[in-house]
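Visitor: What follows is a predicted structure for the sequence shown.
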2 protein chains.
Amino acid sequence: MQIDFKNMISPVEGADRITWAEVEALKKRGEAIDADLRARRGRGDLPFHDLPYQDVTSVLKYAEEARGRFENFVVAGIGGSALGNIALQTALRHPHHNLLPEAQRGGPRMFFPDNIDPDMVGGLFDVLDPKETLFNVITKSGSTAETMSTFLLVRQALIDAVGDRWREHVVVTTDPAKGDLRQIATEEGLTAFDIPEGVGGRFSVLTPVGLLSAAVSGIDIQVLLSGAAAMDARLKASALDRNPAYVCAALMYLADAHKGRRIVVMMPYVQALRDVADWFRQLWAESLGKRLSLAGEVVHVGQTPVKALGATDQHSQMQLYVEGPHDKVVVFLAVERYDRTLIFPAAYGEKASLGYFSGRTMNELIQAERVATALALTQRQRPNMTITLPEVSPQTVGQLLYLLEVQTLYAGGLYGVDPLDQPGVEAGKVATYALMGRKGYEQQRVEILREIASDARYLL
Amino acid sequence: MQIDFKNMISPVEGADRITWAEVEALKKRGEAIDADLRARRGRGDLPFHDLPYQDVTSVLKYAEEARGRFENFVVAGIGGSALGNIALQTALRHPHHNLLPEAQRGGPRMFFPDNIDPDMVGGLFDVLDPKETLFNVITKSGSTAETMSTFLLVRQALIDAVGDRWREHVVVTTDPAKGDLRQIATEEGLTAFDIPEGVGGRFSVLTPVGLLSAAVSGIDIQVLLSGAAAMDARLKASALDRNPAYVCAALMYLADAHKGRRIVVMMPYVQALRDVADWFRQLWAESLGKRLSLAGEVVHVGQTPVKALGATDQHSQMQLYVEGPHDKVVVFLAVERYDRTLIFPAAYGEKASLGYFSGRTMNELIQAERVATALALTQRQRPNMTITLPEVSPQTVGQLLYLLEVQTLYAGGLYGVDPLDQPGVEAGKVATYALMGRKGYEQQRVEILREIASDARYLL
């Protein structure tokens, strides 16, 4: 994996892009952050670092059996309990997996209904037969409202279809000891996988949260983990100013804090990596978007991650990126080799818009468009960088996900915030409980109903 | 359709949200913009306004025949030639349309491969038989590189499958007179639909660009247009300060220009409207993201549109929206009624995280979460507003799309830019031609290859 950040750096002092001198001036802080992260890892406080080395025998065994037994596999999870699963599926399986004939698919059809829209959830049951379906209910806390309420519907649909044997159609992934879902699993005798303690949702893709669905779908999770381990080795062995995780974090931080680049656009020119950009969106937003610094000061920091897709979004967002406010950094994801090569046939050679394709490939076209887009941004003083994978494979995706996780930890250090908490979502949960009439929230309910009353002046 | 913008407005003077006095102070400019837009419409310079009243007989006739004849319908288009099609399909057809049995689907399977990724395009041909497929090639200019190159591959696949009869498997939508695709259609005798002159890509959803695929999929396009006409009537009849298109534009503009809210998040709490947010993303970004004002001054304006999805993104982006920088406005899309009602069965009533669901509905839960999220944002002084549709139907979606288009024109006026051009994407096209070795670009090619050479100092 290669990272080219030439277009992030201005060769001369200037207002628009950062200079290498600014990166070097940050080095002392970077070293302190690095020492702190290493110490915490040494103490076992950052257990996500250990995930590449875990034993996945039980996941593989269960997945292998499920692959033969079920026509459909459904992940009931949301946020960190779905985004990694979706990213792996999109990256490493066929773009039309669920439409392939069973023999070509080699495993169940895969569904990830990560929302509580009644039409979406109801629509799912139009296309799958519960009798032929395994449901993986995933929630770290064991009490997530969206997931637990979906579980109630799933369970009832299964009981209606197969009676007491519903228990064979549910596998849960949750905290090893705590929470309602763990308790239910124990009481009902459901198969359960553990999310290791100390690994938060957005860092959990390489736990059974992401690994079980990946293995069921036919992804080689051992190679995925070996990719993460390879990146771990590379990061450990690198001097700080050659450490991709640190350097990327420093570039993003400086672009934001010094140059007002409050938005980071992750733009794969690889359809398969599109949902990696979505997974990153949670990782970066939830880890760095914070009101308080570690020192307790009100800071309101956090770069806003945006997902885009090349070449598609050249026809949607590029006008803004090239000409709009100087408030963005673009991170391109590229591959050296796509799996397929599509050669353009010779036809209409006399037409200006077609003649130049003859004998060239679609692969060359998308690569040319990526390079051209990076150049157009650079010429307008818009910083951008490119992460190039040799190809999309379990090995390289494992590397990429692990890199981005570690980068996020360094960024947390640079912003001076805790990248592992999410205190800002509590208020919304309480208001939801109050509005749903949950016991103990009666007083809040009265206040909330008053606050949300509409005002005719501001209603059209 | 109801728009509640109470949470955009601060009841007292304050730093974080705009006041109603600021909206009123803008009225004079708003009236001048409104007069200008009405005059231009009167002169026939804004022909997208006429689309709700067009005759769609020929589209309906062709679509009806195609529905019976083909198993698959593929749109080959990108940007404005795909985003509207996808938005309509997601909004108005079953969430798993392509997995439904043919009888329930009632029409062809629908595909929108709006990219040139070789694995994605190649993968498409794994799941469809060209013999059973109709391809709709859409490009306004008739020369878009991605679409025309895809056309070459599609044409070859068809020739391989059905020989000379390939012409019956292609329908084009393009300029009535100009461009290579129009010329090819004429020479080859392909069925062709017109994109009316003066209607740009991002305003073309209600031309045959969006209407043909919608009709083939089984959407009632006459009702869709009548929805747009109803919104047109509402906007024409409203006083400016009660005109939803103008008021929404003014709120966004003031939030950005006066309060530094450079990002607008469109967040449907309706899975079906998720790709309307993506369509809006092009509309807003490409229309307003501009280097030059109409007066020729360098301004670099444009609010960055971000798509989010409720309730899903509460578990991904909400931490940042609630605690991060004060740089966002959130526009919620809501519905009064979903098509289905899902009642939670009573089970595990003694468990705190489950008991309160008993007898309640998933519909109530997602509505409660939306209201709770809006409240949480408002309590942190984060401006937000809610557009509520009575339901998702061709009528209401037609209204919504038309509203957002007109809002974008008003916003163009307020920002003082031309919302109908996109001068910033030219440089990237030229560089692509040069890199692909197109004739006439040899000199640029030499320069570009020099500029893009990597630098070992900035390579990891």
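Guide: Noted; the coordinates are in hand.

Visitor: A:W279 sits in which helix or strand?
Guide: Following DSSP states H and E, one finds A:W279 within helix A:274-288.

Visitor: should've said A:I387
Guide: Assigned by DSSP H and E, A:I387 falls in strand A:384-389.

Visitor: who touches that strand?
Guide: Strand A:384-389 has contacts (C-beta atoms under 8 Å, 6 or more residues apart in numbering or on different chains) with A:1-8, A:248, A:251, A:270, A:329-336, A:370, A:374, A:377-378, A:396-397, A:399-400. In short, each C-beta sits where N, CA and C put it, glycine included.

Visitor: Could you name the helices and strands sitting against the helix or strand just after the helix holding A:W279?
Guide: Following helix A:274-288 in sequence order, the next helix or strand is strand A:290-292 (DSSP H and E). Applying 3 or more C-beta pairs under 8 Å, 6 or more residues apart in numbering or on different chains; DSSP states H and E, one finds that strand A:290-292 contacts strand A:298-301, helix B:318-323.

Visitor: do the next helix or strand after the last one and chain A meet at all?
Guide: This means helix B:318-323. The element immediately downstream of helix B:318-323 (helix or strand, assigned by DSSP H and E) is strand B:328-335. Yes: Strand B:328-335 lies within reach of chain A by C-beta under 8 Å from any C-beta of the partner chain, at B:K328.

Visitor: Tell me the helices and strands packed up against strand B:328-335.
Guide: helix B:244-259, strand B:263-268, helix B:362-379, strand B:384-389.

Visitor: closest to A:G77 out of the ones you listed?
Guide: helix B:362-379 (15.9 Å; C-beta to C-beta).

Visitor: anything in that closest one near chain A?
Guide: Yes: counting by C-beta under 8 Å from any C-beta, chain A is contacted by helix B:362-379 at B:362-366, B:368-369, B:371-376, B:378-379.

Visitor: filter the residues you listed to the buried ones?
Guide: Buried subset of those (neighbour count, 16 or more other C-beta atoms under 10 Å in any protein chain shown): B:362-366, B:368-369, B:371-376, B:378.

Visitor: Redo the residues you listed as CSV? Include pLDDT and distance to A:W279.
Guide: Shown next, in CSV, are these (pLDDT from 0 to 100; distance: C-beta to C-beta, whole Å):
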residue, pLDDT, distance to A:W279
B:M362, 98, 25
B:N363, 98, 29
B:E364, 97, 30
B:L365, 97, 25
B:I366, 98, 23
B:A368, 97, 27
B:E369, 97, 22
B:V371, 97, 28
B:A372, 96, 25
B:T373, 97, 21
B:A374, 97, 26
B:L375, 96, 28
B:A376, 96, 24
B:T378, 95, 29
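
Visitor: residue closest to the middle of chain A?
Guide: A:W279 (1.2 Å; C-alpha atoms, centre = their mean).

Visitor: Sort out which residues of the helix or strand of chain A with the lowest mean pLDDT are buried, please.
Guide: The least trusted helix or strand in chain A, going by mean pLDDT, DSSP states H and E, turns out to be helix A:426-435, with a mean of 91. For helix A:426-435, a neighbour-count test (16+ other C-beta under 10 Å) marks A:A427, A:G428, A:V430, A:A431, A:T432, A:Y433, A:A434, A:L435 as buried.

Visitor: Please list which of those residues are also close to chain B.
Guide: Counting by C-beta under 8 Å from any C-beta, A:A427, A:G428, A:V430, A:A431, A:T432, A:Y433, A:A434, A:L435 from those sit close to chain B.
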